[in-house]
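Asker: sharing a model prediction with you, sequence too.
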Amino acid sequence: MIKTIIHSKKIVHCGLFFFNENQKFKDKILTKLIDLGCESEAFNVNFHAINIPIQVDMKKYIIS
């Protein structure tokens, strides 16, 4: 689950919550975000703060 916290002109700050996912799945998601130019900071194993550059179109990657 991704929840947007702050949206500015240059970056989107959001929280990424993992629920019962295995480590391989988490690593795959975080690696993809880093490859897109995002920054990540882990607060614990299930919650990461993510900074997404505004030029990254996350709509292509979000499944609803």
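Answerer: Nice, thanks for sending it over. Residues are numbered from 1 along each chain as shown.
Asker: only C-alpha atoms from now on, for both contacts and neighbour counts.
Answerer: Will do.
Asker: please enumerate the strands of this protein.
Answerer: 2-7, 11-17, 39-44, 47-53 (DSSP state E).
Asker: each with direction, which strands does the third one pair with?
Answerer: Strand 39-44 has the following strand partners under DSSP bridges: strand 47-53 (antiparallel).
Asker: can you flag the weakest of the strands of the chain by average pLDDT?
Answerer: With a mean of 58, strand 2-7 has the lowest mean pLDDT of the strands of the chain.
Asker: middle-most residue in this structure, spatially?
Answerer: The centre of the chain sits closest to Ile50, judged by CA atoms, centre = their mean, with a distance of 4.6 Å.
Asker: list the residues that contact the residue nearest to it when sequence neighbours are not counted.
Answerer: Distances taken as CA to CA, 6 or more residues apart in numbering put Ser40 closest to Ile50, at 4.6 Å, once the chain neighbours are dropped. By CA atoms under 8 Å, 6 or more residues apart in numbering, the contact set of Ser40 is Leu30, Ile34, His48, Ala49, Ile50, Asn51.
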